[in-house]
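Trainee: A predicted structure for the sequence below; I have some questions about it.
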Protein chains: 4
Amino acid sequence: MAENKITAGLIGAGRIGKMHAENITAHIPDVFLKAVADPKLDESWAEKRGIPVRSLDMQVVLDDPEIEAVVIATPSTTHVALVCAAARAGKQIFCEKPIAFEPEAVNEAISAVESAGIRFQVGFNRRFDPDFATLKEAVAAGKIGTPHIIRITNRDPVRPDPAFLPDSGGLFMDFSIHDFDTLRFMSGDEVEEIYAAGTVLIDPEIERIGDIDTALITLKLTSGALCIIDNSRETNYGYDQQVEVFGSKGSISARNTTPTNTVLSTTDGVFTDRPYPSFIERYKAAFVAELRSFFTSVRDRTPTLVSGQDALAAVRIARAAQRSCEQNRPVRVVA
Amino acid sequence: MAENKITAGLIGAGRIGKMHAENITAHIPDVFLKAVADPKLDESWAEKRGIPVRSLDMQVVLDDPEIEAVVIATPSTTHVALVCAAARAGKQIFCEKPIAFEPEAVNEAISAVESAGIRFQVGFNRRFDPDFATLKEAVAAGKIGTPHIIRITNRDPVRPDPAFLPDSGGLFMDFSIHDFDTLRFMSGDEVEEIYAAGTVLIDPEIERIGDIDTALITLKLTSGALCIIDNSRETNYGYDQQVEVFGSKGSISARNTTPTNTVLSTTDGVFTDRPYPSFIERYKAAFVAELRSFFTSVRDRTPTLVSGQDALAAVRIARAAQRSCEQNRPVRVVA
Amino acid sequence: MAENKITAGLIGAGRIGKMHAENITAHIPDVFLKAVADPKLDESWAEKRGIPVRSLDMQVVLDDPEIEAVVIATPSTTHVALVCAAARAGKQIFCEKPIAFEPEAVNEAISAVESAGIRFQVGFNRRFDPDFATLKEAVAAGKIGTPHIIRITNRDPVRPDPAFLPDSGGLFMDFSIHDFDTLRFMSGDEVEEIYAAGTVLIDPEIERIGDIDTALITLKLTSGALCIIDNSRETNYGYDQQVEVFGSKGSISARNTTPTNTVLSTTDGVFTDRPYPSFIERYKAAFVAELRSFFTSVRDRTPTLVSGQDALAAVRIARAAQRSCEQNRPVRVVA
Amino acid sequence: MAENKITAGLIGAGRIGKMHAENITAHIPDVFLKAVADPKLDESWAEKRGIPVRSLDMQVVLDDPEIEAVVIATPSTTHVALVCAAARAGKQIFCEKPIAFEPEAVNEAISAVESAGIRFQVGFNRRFDPDFATLKEAVAAGKIGTPHIIRITNRDPVRPDPAFLPDSGGLFMDFSIHDFDTLRFMSGDEVEEIYAAGTVLIDPEIERIGDIDTALITLKLTSGALCIIDNSRETNYGYDQQVEVFGSKGSISARNTTPTNTVLSTTDGVFTDRPYPSFIERYKAAFVAELRSFFTSVRDRTPTLVSGQDALAAVRIARAAQRSCEQNRPVRVVA
């Protein structure tokens, strides 16, 4: 089988990059992860995973002619430049979200990718979650009729380190952006207008940085359907991920999934599992599936399931949300 | 025990009035329902319930010196005049919601009640639902810390007869008003600003009348907490009633209650009960409990648990919602 | 309505007798509870409920010509004599389970009842529970096909006071007897053979008395279906009441019902309600419904829904269980 | 990493053998599956999985000096001979359950394994299921106190092909044997006595073969705890796998797990997922985990987590169950 393997490289080996590398080596046997590059590379981690080429220099990955595909998991602010460079080097590209905070920059990446004629997939992993995909299929199959109301709950278990926030793009660009994509995925529809109410209720430090930690976002879709997203940076009880699509014939929901389906009953009460402690565990299957899907697209020369245009649409919604929140008024999303 | 019974009269014996009468006769043994008045009285229904005085004329109830307390369940547009007349007649008053569509009119009723020095309770029945009351207590006890996000789902099972709508006051005044009260009850907080997105997705006839059937309402509370209400006039799967209060320490939710807790598993799938088919069944315990509580206030000369000021606050929020929806902008709620 | 009321008397006003009296006065408005008799009568309790005739002497109730129906809730060992006396006095009879511990004694009661031509209902309240009744209907409607396996879990929340046990008839006669009736009710079938494994794991005092506190009972039905009952005298987490009927097309279960359907999620875990704390709360609706049904049978001269033969069948099964447990072998149930 | 890989061979490549092979190649990257042998080998399947050595002759695997460990997944009747041969060849051995139907034969395998000084693990996969393991840990940690009642439901989704049954060892040896091991695993206790009620309710063909398809098995443990297992060969609604351990402080249960945690609500009802369609999907994580654990034992020279003695204990219980069922009496399990 070895001769048929796709040879891949990883650019950026922080928390998410490491996770992608481990998913490839443990669960995607037809991909050979040859190289990893990160200016702060954890050398012993990489060695233990059996990645032969280990470098502090991204260029080493881009210059290696054996490497057919790259996974980009660097900080968001570096994505566009890396996508353009990788495209010029003829690599197939998987890139973490968001590509950029500005539509123009996303368009630059899209152009580079199109000129190079390579595959490009963006890391909206939730499309690959089995529960979310089941919802999408049920909605597409008409089981709940025409969508009327979509409800998305997305709440982090524990507030992020404030040190991470200044470069994050803010709550809407960094966190809600997943929900904007989920909404488009579930409905097959586009957002026309948005009203975002955001505030700081968890951590004054977040306010000092100019970000928010709690938000309610109302979206009006082209079809007339309404969507509500609620976001929080800290639940204390786990990673809260729920979606409902309610329509003319009924409703379908994805409730929180849990590590086990056990129940403990004692004098202290009846306990079930908390939701997963973080996105790593909650979306493990989705993270593996998105890479499998990407490498299948590479091998079979088929389109990827999350395109540059999907990245662009989500960024435009996030920017409109930001403007709406700042100006406290509904804002049109410009295509 | 008979000598201690409170003697009561019912004014308005449509669907809700009949329900109140049946709850009194079947479940509140220390109240004697002596009289019922309704211009379109269903005489045989009243006879079967053993109500001795049956009249088409409301005045008969108000003039009866034996009647200490009245339950008003007439159409909303008649409430103020009846509350004023009953107060003048010295009756203790339970009145269905909403008292009126205009704050001035509600104030008129409040003044009449205060002048007469009688008890006055408004029909926000959900405060008396065991599940909602459990939430309220848990929140008040600090179990979820400070509230950050309150989510309320309120959806009718089947669209109302359009003939009923022109006098209803519109979705916000007729239907969401329960949620406005629930929100105040759960949080112990007041609404400062509201943004309401409303539309017609279910029935074009509702649009013709100038009403809406689907809405998302964002509310900002004095504490800074955010609230989202989603409303629909038709689920097809039952009466959908859910509340969550999410706060600094965690979350508490009231999920839909169901007639039974049985599960059927066959080749066709795994089925559990649908939510109750209407508010009558869903809030049966709450409807009984609110009247019990009212009659206890009457007997013990204690304040009622839902005041005229509560009615006023809910009407003000409903009006702000209406204005927000019409003008598509956030609107301040004026106290 | 008063002139149509059935006049009733209560014999035995301990915990269960009081509950029946309160259910009648609060929830069955067309019955007038005129008298109560108990050698240890709690006079102030009876006065507060407005029961005019209060006596230490059972005969007072039996001798009152106005009293049409009696509810017998005395200790089990007195049931037969009281049923016979009440039947001779021409009273309609509702009697708590078990009628007696010996089939001959039950037959004596049945004969007395038949000679007198009066209605007789035995207190197998679970037949009137909404969840259990839903199961029964689903099974009878063929929704799960032919029953193959019936599973019943019946566990007390807290061990009984040992002082109560010597006259209880033992675990099978006092406690499992409900399950024997549930099984016959669910399946519409009869028990042919039984194997009971019983032991003492909770309280050595129970062993001293010669009783058991934990049991697994296997029953073979005429149809060939198998049934398993598990019993415990103490759960610590509430009154555990579950039934499943599994058949050729699928399965239907009644899970535990709970006071509310709320969920609390915090760092300590995800909590739902414990089951009800005792049979009083768990079967409240069933206790009211069984009496309503009894009084309806009395009024309409229709057969009661739980007959003397049902009592007899359950006692025969309980005795076979006792013998099986003592001899550690399967025992045939003799009709 | 390749130089550190354990080289393994598969003997028997039917449904379960193929599953093990696919789990190794897809999910256990530090094992190299070099060879597969099966008299009816599906050559193209093996080629596609990249297994270089493919043979109809088991001896080829045993004779290959590079192969350190073998996975035996042949029909049960061949297990002992193969275990002995593999042990003599010095291979580390994972063998599917049951090792044999006779304790003497199991002992023969154990002796061969001990003489050879190799690791030996039996395929009781459920010990490695995350939900079952969570129960075990909670019980071992004393969360439910001392076990009093253990309830196991094990039901196949669809009746097996009757052609498979004559060599299966019968329901107790082939199917309930998993439950016997689960029971020992959960309780850390041994079975002293067993009463098995078995019958044919699903398929007359199963009766013709002399087997049964429905059973209730009562087990008494050394500690005095009781256990009940219910088995069926056909649910129609999926693979039903539930365990409860009830004890002196409370209860812990593993409910059925499902492919997703989604809910669909329409006029047709409220639907959740059916249990998994077969053991392959239900215990996927467990099947991977048991092999991972085996290969870790091989690499680290640590004891395996399911020993030959565990296999022996389960076989003894299965035989006692068979005798109990045939003779319709409780039977002691002889150690």
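Mentor: Nice, I can see it.
Trainee: Show me what from the stretch 101-250 of chain A comes close to chain B.
Mentor: Applying C-beta under 8 Å from any C-beta of the partner chain, we find that the stretch 101-250 of chain A lies next to chain B at A:146, A:148-149, A:151, A:153, A:155, A:195, A:197, A:199, A:201-202, A:214-216, A:218, A:220, A:224-228, A:230, A:232, A:234-237, A:240, A:246, A:248-250. In short, each C-beta sits where N, CA and C put it, glycine included.
Trainee: Just the buried residues of these.
Mentor: A:148-149, A:151, A:153, A:155, A:195, A:197, A:199, A:201-202, A:214-216, A:218, A:220, A:225-228, A:230, A:232, A:234-237, A:240, A:246, A:248-250 (16 or more other C-beta atoms under 10 Å in any protein chain shown).
Trainee: from what I can see A:Ser115 touches A:Ala87, true?
Mentor: Yes. Because the distance of 7.1 Å satisfies C-beta atoms under 8 Å, A:Ser115 is recorded as touching A:Ala87.
Trainee: Look at the two and report which has more neighbours.
Mentor: More crowded of A:Ser115 and A:Ala87, by other C-beta atoms under 10 Å in any protein chain shown: A:Ala87, with 23 against 11.
Trainee: give the contact list for that one.
Mentor: Listed by C-beta atoms under 8 Å, 6 or more residues apart in numbering or on different chains, the contact partners of A:Ala87 are A:Ile93, A:Ala109, A:Ala112, A:Val113, A:Ser115, A:Ala116, A:Ile118, A:Phe120.
Trainee: tell me the pLDDT at the residue of chain A most remote from its centre?
Mentor: For chain A, the largest distance from the centre (C-alpha atoms, centre = their mean) belongs to A:Thr267, which lies 41.4 Å off. Note for A:Thr267: predicted pLDDT of 95.
Trainee: residues from the stretch 151-300 of chain A in reach of chain D?
Mentor: Residues of the stretch 151-300 of chain A lying close to chain D by C-beta under 8 Å from any C-beta are A:249-267.
Trainee: ok, which of the residues you listed also contact chain C?
Mentor: Within these, those near chain C by C-beta under 8 Å from any C-beta are A:Ser265, A:Thr266, A:Thr267.
Trainee: Tell me how many other residues surround A:Leu56.
Mentor: Counted with other C-beta under 10 Å, the neighbours of A:Leu56 add up to 11.
Trainee: re the thing from before, how about the residue farthest from the centre of chain A: what's its closest non-neighbour residue?
Mentor: Spatial nearest neighbour of A:Thr267, chain neighbours left out: C:Asn236 (4.9 Å); criterion: C-beta to C-beta, 6 or more residues apart in numbering or on different chains.
Trainee: can you confirm the one you found is in a helix?
Mentor: No. Counting by DSSP: H, G, I helix; E, B strand; the rest coil, C:Asn236 falls outside a helix, being coil.
Trainee: low pLDDT regions in chain A?
Mentor: Chain A contains residues with pLDDT under 70 at A:1-3.
Trainee: Can you find which helix in it contains the most residues?
Mentor: Longest helix of chain A, by residue count under DSSP state H: helix A:308-327.
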